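In: Make a model of this:
(one chain, ligands or ions: 1)
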Amino acid sequence: MTYPIRPIREAEWPAFAGVLEEGFGMTPHPSQDARWKAGTEFDRTLAAFDGDTIAGVTSVFSLSMTVPGGALPVAGVTAVSVLPSHRRRGILSSLMRRQLADVRERGESVAALYASEAVIYGRYGYGRASANLSFRMRTQGTEFVAGAPHDPSLRLRVVKPAEARGDYEQVFAAVAGLRPGRYLRKASFWDDVLADGEADQQGAGALRSVVAEDDGGVRGYALFRIKPSWDANGVPDGELSLRELEAVDPAAYALLWRSVLDRDLVSQVHAVSRPVDDPIVALLADPRQLRAGWYDELWVRLVEVDRALAARAYSAPVDVVIGVEDAVCPWNARRWRLSADATGAECKPVDDEPDVSLPVTALGSAYLGDGLLAAQLGAGLVREHTPGTVRSLAAAMAWDPKPWAGLTF
Ligand SMILES: CC(C)(COP(=O)(O)OP(=O)(O)OC[C@H]1O[C@@H](n2cnc3c(N)ncnc32)[C@H](O)[C@@H]1OP(=O)(O)O)[C@@H](O)C(=O)NCCC(=O)NCCS
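Out: Sure thing, here's the model as predicted:
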C-alpha cells in the first residue's frame, strides 16, 4: 500500500501536530503548540496520507551548522512521527527517502537529526556523530584545581531571562562558530530556550539567570531553574537544573560555573547536555563528582558524499580512496578519492582500487570530528584494504573541540 506524500498547508497544522502528539504521547500546552507552529518551515514539511488522514509526518529546519573549519547549510530533520495505527508499514521509510531526495535537490549536502531512539536512523544512512554528557553532582566537593582562571575585572549580574535575550544572542553568536555541531539559532529557537510558562517549567522552577561581564560588556551567561527544598532534618537540599552556560573566555566560564556550584541553598546541580570535552571536567579538582551519563546526540547523514567531504577542513593531510556503500542514496555508492591538506580538500569519483570500504553511516559518524572511525574498524564495520588507511583518515577527520549541538531540534 502506498501513502501519497506532500508538504502540508498551514491550515493542516492541527492534523500534522496531532500525529506528533500521538507518536510521542505528549500533550503540548497551547503556547507550546503555537511556538512549534511558528518555527515550522511549511514548505519543508512532509506528510504521508492515508486517504484524508495524515498518517506520518516529518519536517526540516534549514540550519547553518558549524563543521570543522567553517559552516554549512544543513538540513535539520525534525518532527518525525507515524500514527500508532499505521506503524511498521514502511511509512517512515518512504518519508525518509523522499526527504533525502528533497534535501539533495535543494543543494544541502548534509542532514542531521536528534533521534528519539538510537536504533531508528542507521538504516537511512545516519551515523552517530556527536555525544553529550549529563552531570548530576553534589555541590559539596566541587572546588576547582589550583590555577583556575580568575579575572578581577569580571563581575556577576542577576538578570531576568526575558530581558537579557540580546546578551545571550551576542554571546552565543561569538561561540557558535567555535565548535562543530553548533548551529545558528533562529528567533523561534530562542523563544523555546526562554519559554517559561508552567508547562515549560515542569516543576523545576522559574527560569533564572546570571551574566558575567566587565566594563566592556557581557562575556557569558548561565540559564537555570531552581527547585528549593529542605531535607527531613531541615538541611537545605535545593536542586539547580542548568539549562545553558556559555562564555566567550575561560575566566567568564569559570566564574559562571562557580556561581552555579556555590548557589546558596542548592545541594545538587543537574546539567543536561554538556559537551564531552566540557572544560568543567578539567576545572574540577575532583571530577568524579560529576557523575556523568553519556548519550548519543547528533546523527549525521552525508547526502552527497563528495560535496560534504570537500566542504570541511581536515586536521592532517590525507589522500585515500574510499569505497562507499549506500543503498538509500545510490549516487554516493562508488569509489571516491579524498585528498586534503592545509590548502583545502577535494573529493572526486575514481575507479581506483579502494584503500578502505565503509558504509555511508561511518562517514556521517566521523564528519563532525568525533573520531569514531578507529572504533568502527575495531568493531569490524569498516574494512581496510591498505594497512594504516583508517588510522590516517581518522586522524584527518578528528577535530577539537569535539562536536556538540547543545540544543535539541
Ligand atoms: C519511529 C517511527 C517513526 C517509525 O515509523 P514506521 O512507519 O513504523 O517505520 P517503518 O515502517 O518505515 O519502519 C522501517 C524499519 O525501521 C524499523 N523501525 C522503525 N522504528 C523502529 C523503532 N522504534 N525501533 C526499532 N526498529 C524500528 C522497522 O522495524 C522497519 O524495519 P525493517 O526495514 O527491517 O522492516 C514510529 O514508530 C513512531 O512514530 N514512533 C514514535 C515517535 C518517534 O519516536 N519518532 C521519531 C522521532 S526522532
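In: Helix or strand: which one has the closest residue to the ligand within the stretch 101-250 of the chain?
Out: Relative to the ligand, the nearest point of the stretch 101-250 of the chain is Ser116 (3.5 Å; Cβ to the nearest ligand atom). Where you see a C-beta, it was placed from the backbone N, CA and C, and this is true even at glycine. Per DSSP states H and E: Ser116 is located in neither a helix nor a strand.
In: for Pro14, same thing?
Out: If you go by DSSP H and E, Pro14 is part of helix 13-24.
In: Could you pull out the buried residues of that helix?
Out: For helix 13-24, a neighbour-count test (16 or more other Cβ atoms under 10 Å) marks Trp13, Phe16, Ala17, Val19, Leu20, Gly23 as buried.
In: gap between the fourth one and the ligand?
Out: According to Cβ to the nearest ligand atom, to the nearest Å, Val19 and the ligand sit 8 Å apart.
In: The residue in the stretch 251-400 of the chain that the ligand sits nearest to: what secondary structure?
Out: Closest to the ligand within the stretch 251-400 of the chain is Trp299: 9.0 Å, counting by Cβ to the nearest ligand atom. Using DSSP: H, G, I helix; E, B strand; the rest coil, the structure places Trp299 in strand.
In: Surely it and Arg123 touch.
Out: No - contact criterion Cβ atoms under 8 Å: Trp299 and Arg123 do not qualify, at 11.6 Å.
In: Who has more neighbours out of the two?
Out: More neighbours surround Trp299 than the other of Trp299 and Arg123, with 25 against 13 (other Cβ atoms under 10 Å).
In: residues touching that one, list them.
Out: For Trp299, the contact set (Cβ atoms under 8 Å, 6 or more residues apart in numbering) comprises Ala112, Leu113, Tyr114, Ala115, Tyr121, Tyr126, Gly127, Arg128, Ala129, Gly364.
In: which among the residues you listed gets closest to Asp286?
Out: Minimum distance to Asp286 across the contacts of Trp299 is 29.9 Å, recorded for Arg128 (Cβ to Cβ).
In: Is it correct that the closest one is in contact with Val119?
Out: No - taking contacts as Cβ under 8 Å, Arg128 lies outside contact range of Val119: 11.1 Å.
In: Give me the nearest residue to the residue in the stretch 301-409 of the chain that the ligand sits nearest to, chain neighbours excluded.
Out: Going by Cβ to the nearest ligand atom, the ligand is nearest to Thr408 of the stretch 301-409 of the chain, at 10.0 Å. Spatial nearest neighbour of Thr408, chain neighbours left out: Tyr114 (5.0 Å); criterion: Cβ to Cβ, 6 or more residues apart in numbering.
In: is it true that that neighbour touches Val300?
Out: No - assessed by Cβ under 8 Å, Tyr114 is found out of contact with Val300, at 11.2 Å.
In: more neighbours, these two?
Out: Taking other Cβ under 10 Å, Tyr114 and Val300 do not tie; Val300 has more neighbours (31 against 17).
In: quick one, the helix or strand encompassing Ile54 and helix 13-24 angle?
Out: Taking DSSP H and E as the definition, Ile54 sits inside strand 53-67. Strand 53-67 runs at 80 degrees relative to helix 13-24, counting by axes from the mean of the first three to the mean of the last three Cα atoms, to 10 degrees.
In: Inside strands: which ones of the contacts of Trp299?
Out: Among the contacts of Trp299, the members falling in strands are Ala112, Leu113, Tyr114, Gly127, Arg128 (criterion: DSSP state E).
In: what about the longest helix in the chain?
Out: Across the chain, the longest stretch assigned as helix under DSSP state H is helix 91-106.
In: elements contacting it?
Out: Here helix 91-106 touches strand 5-6, strand 46-50, strand 53-67, strand 70-82, strand 110-114, going by 3 or more Cβ pairs under 8 Å, 6 or more residues apart in numbering; DSSP states H and E.
In: any chance of these in TSV, with distance to Leu92 and mean pLDDT too?
Out: Listed next are these as TSV, based on distance: least, Cβ to Cβ, whole Å; pLDDT from 0 to 100:
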stretch	distance to Leu92	mean pLDDT
strand 5-6	11	98
strand 46-50	9	98
strand 53-67	6	98
strand 70-82	6	98
strand 110-114	12	99
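In: Tabulate those strands in JSON lines, adding columns for distance to Gly90.
Out: Shown next, in JSON lines, are the helices and strands packed on helix 91-106 (distance: least, Cβ to Cβ, whole Å):
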{"stretch": "strand 5-6", "distance to Gly90": "12"}
{"stretch": "strand 46-50", "distance to Gly90": "10"}
{"stretch": "strand 53-67", "distance to Gly90": "10"}
{"stretch": "strand 70-82", "distance to Gly90": "10"}
{"stretch": "strand 110-114", "distance to Gly90": "19"}
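In: Count the residues that sit near the residue lying closest to Phe49 once chain neighbours are set aside.
Out: Nearest-residue entry for Phe49: Pro4, 5.1 Å, with adjacent residues in sequence omitted and distances by Cβ to Cβ, 6+ apart. As a burial measure, Pro4 scores 10 neighbours (other Cβ under 10 Å).
In: How about Tyr124?
Out: When neighbours are counted by other Cβ under 10 Å, Tyr124 registers 23.
In: Give the full set of residues in contact with it.
Out: Contacts of Tyr124 were listed using Cβ under 8 Å, 6+ apart, and they are Ser93, Met96, Arg97, Leu100, Arg301, Val328.
In: and the ligand, which of those contact it?
Out: Applying Cβ under 6 Å from any ligand atom to the contacts of Tyr124, one finds that Ser93 fall near the ligand.
In: Of the contacts of Tyr124, which pair is most distant in space?
Out: Greatest spatial distance among these (Cβ to Cβ): Ser93 and Arg301, at 14.1 Å.
In: Show me where the stretch 301-409 of the chain has its helices.
Out: Ranges of helices within the stretch 301-409 of the chain are 305-310, 360-367, 373-378, 389-397, based on DSSP state H, counting those that start in this stretch.
In: Tell me which of those helices sits nearest to Ala232.
Out: helix 373-378 (46.3 Å).
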